[in-house]
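Trainee: Requesting a structural model of the entry that follows:
(chains A, B, C and D)
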2 protein chains.
Amino acid sequence: MHPMNIEPTLPRTGRKLAQVLEGARTVFLRDGFEGASVDDIAREAGVSKATLYNYFPDKRILFIEVAKAECCRQEEATDKMIAMSAPPAEALRVAAERMMRLILSPFGRNVFKICVAESDRFPELGREFWESGPARVRAKMIDYFRQAMDRGELLIDDTDLAADQFAELCKSDLFPKLMFGIQDRFSDAEIARVADGAVATFMARYGAAK
Amino acid sequence: MHPMNIEPTLPRTGRKLAQVLEGARTVFLRDGFEGASVDDIAREAGVSKATLYNYFPDKRILFIEVAKAECCRQEEATDKMIAMSAPPAEALRVAAERMMRLILSPFGRNVFKICVAESDRFPELGREFWESGPARVRAKMIDYFRQAMDRGELLIDDTDLAADQFAELCKSDLFPKLMFGIQDRFSDAEIARVADGAVATFMARYGAAK
DNA sequence: AAAAAACTGAACTGAACAGTTTATATTCGT
DNA sequence: ACGAATATAAACTGTTCAGTTCAGTTTTTT
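Mentor: Below is the predicted model:
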């Protein structure tokens, strides 16, 4: 039956597909696209190169598949970032720390680095990552701002800019240090200092409480 | 004379040295370290490969030389970023726009991308760039804060954090879009919106004027 | 247990590329 | 004008790496 089923798609079956994706994830995240060799990936996945090429016609497509999976992962990670009903000082403080811990984690660092490094080679990549991560957080923040403004707790003219400013404030000091390879682990105290500062500065500008 | 002059250093003379550096700069900034082929660089410089290798023993050393020159260039660019005597709202507004235009320029973008991409391969690179650029701006900002605090115009507890926050505020919205390849040219209006927002938020927190 | 599907390892191809060599040409100091 | 230094084009070496091939083994299906 199904005479039309001669599809040119990737085989979605096979015992080792998950292994291949997992190995590719590890190696791509560690070494980037150019830095990762297919032999490395096959070894890491515990799979022969022929098997790998049976699932994915070439390295680029494997990379795109991994990137898509990482975007989905991001979406999940951003879902419960903000406690929508808490008052600003609290809700923002929690959101700041969650954002920071994601951004500063080895995972966040590697994903960002790869997006930047490969955005020429894969023009879609940056946008898709942006939409599945930062843009979603921003949308959630704006939702929260609206509610808090209705409760009279915040006073914001440009909610888009306010959300972007808050996100940037959370990167103060630490993010550049991470990107330039000056520091790659951050203590709770360092994170607390920046998170507190971000909330304080944000509230000074946008807080409505007298 | 000078019997000790059999030095193993690079030839600092030669008609085409400047051409080589200029070509290398163009190609490295455009394609990164891995992406740049030595043949490309030689072609871009209008020089034979043998000549290039006569000046620089290998690709890495050529890259490092170019990177150092770029750091110097950065230092100059940061020198007159702040008008030290103007009142905060003005001085910061000018500084914000200057910083933004540097960071968002093709030059700034490429330098940042390369630092991020190659910071594993060249651990010094990120730190040197940081020290010749962002760290210098930060130091200048802190100097300015001190003076403005003495004049009673600002009130800042943690001047380091304040400087970092201001720099990050200047990146709101635009910088992520640049890095993820979503947008690469920015109108005066877009820049003005973010610069004004950065100053307003900063002054709300740290301004002393009543 | 037989047939089909999935997998393996190892060897291979072809292209890209860093770096070298060589034989020749250009430029510069004197 | 002559020799030394500098530059050139082109071919060459050795390596790395994506992707292929294949003869044979394991796993799954029936």
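
Trainee: which other helices and strands contact the host helix or strand of A:Q165?
Mentor: Secondary structure from DSSP states H and E places A:Q165 in helix A:159-169. For helix A:159-169, the elements it packs on are helix A:88-104, helix A:134-150, helix A:188-206, helix B:159-169, helix B:188-206, judged by 3 or more CB pairs under 8 Å, 6 or more residues apart in numbering or on different chains; DSSP states H and E. Bear in mind the C-beta positions are built from the backbone N, C-alpha and C, glycine included.

Trainee: Quick one: the ones you listed as CSV, columns for distance to B:S132 and mean pLDDT too.
Mentor: Output for the helices and strands packed on helix A:159-169, formatted as CSV (distance: least, CB to CB, whole Å; pLDDT from 0 to 100):
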stretch, distance to B:S132, mean pLDDT
helix A:88-104, 24, 96
helix A:134-150, 29, 96
helix A:188-206, 24, 98
helix B:159-169, 15, 98
helix B:188-206, 23, 98
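
Trainee: now, of those, which is deepest in the fold?
Mentor: helix B:159-169 (a mean of 23; mean count of other CB atoms under 10 Å in any protein chain shown).

Trainee: That one: what's the following helix or strand?
Mentor: Remark: after helix B:159-169, the chain's next helix or strand is helix B:174-179, criterion DSSP H and E.

Trainee: quick one: that next one near chain A?
Mentor: Yes - residues of helix B:174-179 are located near chain A by CB under 8 Å from any CB of the partner chain, namely B:F175, B:P176, B:K177, B:M179.

Trainee: Let me know the closest of these to B:L161.
Mentor: Compare each of the residues of helix B:174-179 next to chain A with B:L161 using CB to CB and the shortest gap goes to B:F175, at 18.9 Å.

Trainee: how much space between that closest one and DNA strand D?
Mentor: 31 Å (CB to the nearest atom of the strand, to the nearest Å).

Trainee: okay, now that residue: neighbour count?
Mentor: Per other CB atoms under 10 Å in any protein chain shown, the neighbour tally for B:F175 reads 21.

Trainee: can you check A:F33 too?
Mentor: With neighbours defined by other CB under 10 Å, the count for A:F33 comes to 18.

Trainee: and it, what does it touch?
Mentor: A:K59, A:F63, A:I114, A:A117, A:E118, A:R121, A:F122 (CB atoms under 8 Å, 6 or more residues apart in numbering or on different chains).

Trainee: what's the residue nearest to the first one when sequence neighbours are not counted in contact with, if anything?
Mentor: Using CB to CB, 6 or more residues apart in numbering or on different chains and skipping residues adjacent in sequence, the residue nearest A:K59 is A:V38, 5.7 Å away. For A:V38, the contacting residues are A:K49, A:L52, A:K59, by CB under 8 Å, 6+ apart.

Trainee: repeat that with 10 Å
Mentor: In this structure, A:V38 makes contact with A:A24, A:V27, A:K49, A:L52, A:Y53, A:F56, A:D58, A:K59, A:L62, judged by CB atoms under 10 Å, 6 or more residues apart in numbering or on different chains.

Trainee: Return the member of the residues you listed nearest to DNA strand C.
Mentor: If you rank the contacts of A:V38 by distance to DNA strand C using CB to the nearest atom of the strand, A:K49 comes first, at 5.5 Å.

Trainee: element containing the closest residue to that closest one other than its chain neighbours, please.
Mentor: Nearest non-adjacent residue to A:K49, counting by CB to CB, 6+ apart: A:A42, 4.5 Å away. Here A:A42 is covered by helix A:38-45, with elements defined by DSSP H and E.

Trainee: In the next helix or strand after that helix, which residues are buried?
Mentor: Using DSSP H and E, the next helix or strand after helix A:38-45 towards the C-terminus is helix A:49-55. By neighbour count on 16 or more other CB atoms under 10 Å in any protein chain shown, the buried set for helix A:49-55 is A:T51, A:L52, A:N54, A:Y55.

Trainee: ditto for stretch A:14-33
Mentor: Buried-residue list, stretch A:14-33, by 16+ other CB under 10 Å: A:16-17, A:19-21, A:23-29, A:31-33.

Trainee: Need the mean per-residue confidence for that stretch.
Mentor: Stretch A:14-33 carries an average pLDDT of 96.

Trainee: what distance separates that stretch from the centre of its chain?
Mentor: Counting by CA atoms, centre = their mean, to the nearest Å, stretch A:14-33 is centred 18 Å from the centre of its parent chain.

Trainee: Is any residue of that stretch near DNA strand D?
Mentor: Yes - shown here: stretch A:14-33 in contact with DNA strand D (CB under 7 Å from any atom of the strand) through A:R15.

Trainee: okay, that stretch in CSV with CA atoms only?
Mentor: Once non-C-alpha atoms are left out, stretch A:14-33 reads as follows in CSV (Å, rounded to 0.1, in the frame of the first residue of the first chain):
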residue,chain,number,x,y,z
GLY,A,14,16.4,3.3,13.4
ARG,A,15,17.9,2.3,16.7
LYS,A,16,20.8,4.7,16.7
LEU,A,17,19.2,8.0,15.6
ALA,A,18,19.0,9.3,19.2
GLN,A,19,22.6,8.4,19.8
VAL,A,20,23.7,10.3,16.7
LEU,A,21,21.8,13.4,17.7
GLU,A,22,23.1,13.3,21.2
GLY,A,23,26.7,12.8,20.1
ALA,A,24,26.3,15.6,17.5
ARG,A,25,24.9,17.9,20.2
THR,A,26,27.9,17.3,22.5
VAL,A,27,30.5,17.8,19.8
PHE,A,28,28.8,20.8,18.0
LEU,A,29,28.2,22.6,21.3
ARG,A,30,31.8,22.0,22.4
ASP,A,31,33.6,22.7,19.1
GLY,A,32,31.3,24.6,16.8
PHE,A,33,30.4,23.7,13.3
